[in-house]
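Undergrad: Quick one: sequence plus predicted model below, questions after.
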Amino acid sequence: MTYVYRSVKKLLKKQGLRPRVLITDKLRSYQVAHRKTMSATEHRHNTYLNNRAENSHQPTRQREHAMKGFRTVGSAQRFLASFSPISPHVRTPRHRMTATAHRTELATRFQMWDQVTEQTLAAWPVTPCDGLLHPKTAAHQTT
């Protein structure tokens with residue numbers, strides 16, 4: 001059994017009812033899965049029909065691409081949950097700017113980021129507390 005066949009079978013089981021039309025790209029394993037699971041359903045496979053579905057989850061795919069370095073889904077979700085509010089701060093609308101304006105904007109944003117993180121680090125405990133130390137003093141501690 002191929003991965004696509006198992007995925008289609010699982011999807012049908014979750015949905016509970018058969019779709020009227022199945023739209024996929026031209027991957028041959030979709031045709032095999034279609035024949036085995038729901039041969040009565042019309043299968044449309046064209047280069048451009050699938051674009052709407054592919055583009056609708058583009059932000060999800062970008063986040064998945066960022067997840068490649070994580071060992072588990074849970075750790076990726078924890079990171080992305082905290083990174084999502086920060087991400088727009090770093091990502092500028094580059095296509096609307098000149099290179100000079102982009103560099104200036106990034107410098108301003110990172111300067112602001114440094115100010116925010118310095119305040120956060122200043123509030124960090126200097127003495128050992130639950131095994132945690134201030135990152136700047138932890139390197140200078142001797143045992």
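TA: Thanks, I have it.
Undergrad: Mind picking out the helix or strand in this structure with the poorest mean pLDDT?
TA: helix 135-138 (a mean of 51; mean pLDDT, DSSP states H and E).
Undergrad: now the helices for the protein?
TA: Assigned by DSSP state H, the chain shows helices spanning 3-15, 28-37, 51-56, 58-66, 73-83, 87-90, 99-122, 135-138.
Undergrad: Out of those helices, which is closest to Val21?
TA: helix 28-37 (10.9 Å; Cβ to Cβ). (Glycine included, C-beta is placed from N, CA and C.)
Undergrad: by contact count, what packs against that closest one?
TA: Applying 3 or more Cβ pairs under 8 Å, 6 or more residues apart in numbering; DSSP states H and E, we find helix 28-37 packed against helix 3-15, strand 21-24, strand 42-45.
Undergrad: what's the closest of those to Gly69?
TA: helix 3-15 (22.6 Å).
Undergrad: quick one: average confidence on the closest one?
TA: Taken as a whole, helix 3-15 has a mean pLDDT of 82.
Undergrad: now the angle from that helix to helix 28-37?
TA: Counting by axes from the mean of the first three to the mean of the last three Cα atoms, to 10 degrees, helix 3-15 points 50 degrees away from the direction of helix 28-37.
Undergrad: Quick check: buried residues in helix 3-15?
TA: For helix 3-15, a neighbour-count test (16 or more other Cβ atoms under 10 Å) marks Val4, Tyr5, Val8 as buried.
Undergrad: Just checking the distance from that helix to the centre of its chain.
TA: Its chain's C-alpha centre and that of helix 3-15 lie 23 Å apart, by Cα atoms, centre = their mean, to the nearest Å.
Undergrad: Run through who's touching that helix.
TA: Arg18, Leu27, Ser29, Tyr30, Val32, Ala33, His34, Lys36, Thr37, Met38 (Cβ atoms under 8 Å, 6 or more residues apart in numbering).
Undergrad: quick one: which of the residues you listed is nearest to Val116?
TA: Leu27 (45.8 Å).
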